[in-house]
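A.B. asks: 3D model of this:
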Amino acid sequence: MASAEDYDFEGADAGSALSIPQEAGQVRKGGYLVVKGRPCKVEEVTHSKPGKHGSAKCNFACADIFNNKKYQDMMPASQGCMQPIITRTEYTLVDIEEEDGFLTLMSDEGETREDLKLPSYPETYAAELKAKFDDGKQLILTVLKSMGEEQVIGDKEDTEA
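C.D. replies: Here you go, the predicted model:
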């Protein structure tokens, strides 16, 4: 019989899915698709007609939503594929740590978090954010979350402050 010390209850999640199933023939330009385990935005879709040796095929040209890396994928139109679940959340930027670039963010409910770093893509965006913050601007950051990864993807100046 296992004792209470044998189990680790430190970290847990709600068990929600990171992606949902979808038929490849239903994916359109501007939609989202999981390619090689990465959440991607579909930039182009081409369909080939069914031929003598098989079903209709879908060719996808996609870009990773976090680093814009290009991916290609091809699959039968009737095949199942996965669509990533993507959420956008806005936080107020409170502080930027000098040494390691961690951000202190505050939600609308007043909760703070300090587990996100300055974005690495695009290359100049982290420096732009830091410059705006150093100029004393109140910034609201948009954080994109998908498949267990989070990154700041945009900012706007808080005009209500």
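A.B. asks: Just give me how far stretch 33-50 sits from the chain centre.
C.D. replies: 16 Å (Cα atoms, centre = their mean, to the nearest Å).
A.B. asks: Give me the average confidence score over that stretch.
C.D. replies: Mean pLDDT, computed over stretch 33-50, is 94.
A.B. asks: tell me which residues in it are buried?
C.D. replies: Counting neighbours by 16 or more other Cβ atoms under 10 Å, one finds that the buried residues in stretch 33-50 are 33-35, 38-42, 45. No exception for glycine: its C-beta is placed from N, CA and C like everyone else's.
A.B. asks: Which of these sits closest to Cys62?
C.D. replies: Comparing the buried residues of stretch 33-50 against Cys62 with Cβ to Cβ places Cys40 closest, at 3.6 Å.
A.B. asks: how about Arg88, what does it touch?
C.D. replies: By Cβ atoms under 8 Å, 6 or more residues apart in numbering, the contact set of Arg88 is 142-145, 153.
A.B. asks: Tell me the spacing between it and Leu141.
C.D. replies: 11 Å (Cβ to Cβ, to the nearest Å).
A.B. asks: Of the buried residues of stretch 33-50, which belong to strands?
C.D. replies: Counting by DSSP state E, the buried residues of stretch 33-50 place 33-35, 38-42, 45 in strands.
A.B. asks: Same list as before, those residues that is, but in a markdown table and with distance to Tyr125 included.
C.D. replies: Shown next, in a markdown table, are these (distance: Cβ to Cβ, whole Å):
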| residue | distance to Tyr125 |
| --- | --- |
| Leu33 | 25 |
| Val34 | 25 |
| Val35 | 24 |
| Arg38 | 19 |
| Pro39 | 19 |
| Cys40 | 20 |
| Lys41 | 18 |
| Val42 | 23 |
| Val45 | 29 |
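A.B. asks: Can you tell me which of those residues lies closest to Lys52?
C.D. replies: Val45 (23.2 Å).
A.B. asks: Just grab the bridge partners of that closest one for me.
C.D. replies: Beta-bridge partners recorded for Val45 (DSSP bridges): Phe60.
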